[in-house]
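Asker: A predicted structure for the sequence below; I have some questions about it.
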Amino acid sequence: MKTVLCIKWGTRYGPEYVNRIHAMVARNITPPFQVVCFTDDPRGIREEVRCHPLPDLGCPVPTNAPGKWSKVRLWNKDLYGLEGMGLFVDLDVVITGNLDGFFSFGDPDDVILARNWIKPLEKLGQTSVFRFPIGKHHELLENFRKDPEGIAARYQFEQRYVTRCVQGGIKFWPYGWVRHFRLDCLGPWPLRYLRPPRLPKDARIVIFPGKPDPADALLGRWAGEEPHLAPLAHLKEALKKRRAGEKGWFNYLKRYVRPAPWISEHWRE
């Protein structure tokens with residue numbers, strides 16, 4: 001049984017995100033499989049998804065660091081009786097290729113992360129897509145519970161904590177399996193005005209850390225509150241901000257994305 005895990009808490013992502021995960025997994029995996037969602041609100045999630053309450057974190061979520069530290073709860077010694085390998089995916093990923101390799105690559109006891117190419121010299125892992133042996137390495141959660149604020153202050157991001165502290169070390173997925181939307185699809189900012197985002201041929205999962213989200217990238221906008229403008233109109237708006245003395249004008253200039261219609265082909269129920 002191949003087990004795909006996700007977490008939904010709060011109100012940022014609705015049940016449709018979980019339902020899309022299930023549908024994308026089903027289209028790209030060889031059965032048998034199960035999608036398991038840990039959530040504080042299962043309403044609206046399709047019945048094929050196995051829902052459980054959020055596993056106990058055992059301490060308050062740190063507020064002194066930017067990382068998504070609530071995900072550390074996945075390292076519980078018991079996850080509602082689940083066993084074997086678990087493939088975790090963030091709710092805002094887009095699955096574009098076959099997932100079977102994510103379960104056959106490496107050793108069943110390996111912890112395997114996507115490579116964070118934003119900081120290549122640090123050899124940091126990205127926990128948007130990672131596999132781990134369920135119930136093992138629970139020392140990550142146990143140590144975190146002893147000093148959550150201290151660990152968060154030291155590592156800043158949960159993925160750095162996992163990368164540095166897994167006993168025996170981590171591995172990375174083969175290059176190309178997991179692609180970063182801004183780095184691998186959007187391209188350098190001058191090109192963003194000239195061509196739409198491209199889906200690399202070898203991509204199996206596209207991740208969307210930060211902005212834009214899949215819903216916004218599909219429509220050609222950086223964030224929900226920003227309308228999509230034609231390239232020339234966006235350039236004019238950036239120059240207008242510069243003349244007005246706004247400090248963020250250059251960041252606005254770079255925050256441009258043309259619509260990415262291939263997202264709708266994959267990111268659907």
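Answerer: Received, thanks.
Asker: How are the strands of the protein distributed by residue range?
Answerer: Taking DSSP state E as the test, the strands found in the chain are 2-8, 33-39, 50-52, 85-89, 94-95, 112-115, 125-133, 171-172, 178-180, 205-207.
Asker: Tell me which of those lies nearest to R221.
Answerer: strand 94-95 (16.4 Å; C-beta to C-beta). C-betas here are computed from N, CA, C, even on glycine.
Asker: returning to what we had before: kindly reformat the strands of the chain as TSV containing mean pLDDT.
Answerer: Shown next, in TSV, are the strands of the chain (pLDDT from 0 to 100):
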stretch	mean pLDDT
strand 2-8	99
strand 33-39	99
strand 50-52	98
strand 85-89	99
strand 94-95	99
strand 112-115	96
strand 125-133	97
strand 171-172	98
strand 178-180	97
strand 205-207	99
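Asker: quick one: which of those is nearest V72?
Answerer: strand 125-133 (9.9 Å).
Asker: Send me stretch 61-72 as CSV with only the CA atoms.
Answerer: C-alpha atoms of stretch 61-72 as CSV (Å, rounded to 0.1, in the frame of the first residue of the first chain):
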residue,chain,number,x,y,z
VAL,A,61,3.8,26.3,17.7
PRO,A,62,6.9,28.6,17.9
THR,A,63,6.2,32.2,16.9
ASN,A,64,9.8,33.4,16.7
ALA,A,65,10.7,31.8,13.4
PRO,A,66,9.2,31.8,9.8
GLY,A,67,9.2,28.0,9.2
LYS,A,68,6.0,25.9,9.2
TRP,A,69,6.9,24.2,12.5
SER,A,70,3.5,22.5,12.8
LYS,A,71,4.7,19.9,10.3
VAL,A,72,7.1,18.5,13.0
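Asker: Run through who's touching it.
Answerer: 7, 9, 54, 57, 88, 127, 140-141, 144, 148-149, 151-153, 155-161 (C-beta atoms under 8 Å, 6 or more residues apart in numbering).
Asker: circling back to that earlier point, now tabulate the strands of the chain in JSON lines and tack on mean neighbour count and distance to K71.
Answerer: Formatted as JSON lines, these follow (neighbours: other C-beta atoms under 10 Å; distance: least, C-beta to C-beta, whole Å):
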{"stretch": "strand 2-8", "mean neighbour count": "22", "distance to K71": "6"}
{"stretch": "strand 33-39", "mean neighbour count": "21", "distance to K71": "10"}
{"stretch": "strand 50-52", "mean neighbour count": "16", "distance to K71": "15"}
{"stretch": "strand 85-89", "mean neighbour count": "22", "distance to K71": "8"}
{"stretch": "strand 94-95", "mean neighbour count": "26", "distance to K71": "19"}
{"stretch": "strand 112-115", "mean neighbour count": "21", "distance to K71": "12"}
{"stretch": "strand 125-133", "mean neighbour count": "23", "distance to K71": "6"}
{"stretch": "strand 171-172", "mean neighbour count": "18", "distance to K71": "18"}
{"stretch": "strand 178-180", "mean neighbour count": "23", "distance to K71": "17"}
{"stretch": "strand 205-207", "mean neighbour count": "26", "distance to K71": "14"}
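Asker: Between those, which one is closest to E265.
Answerer: Per C-beta to C-beta, nearest to E265 of the strands of the chain: strand 94-95, 9.4 Å.
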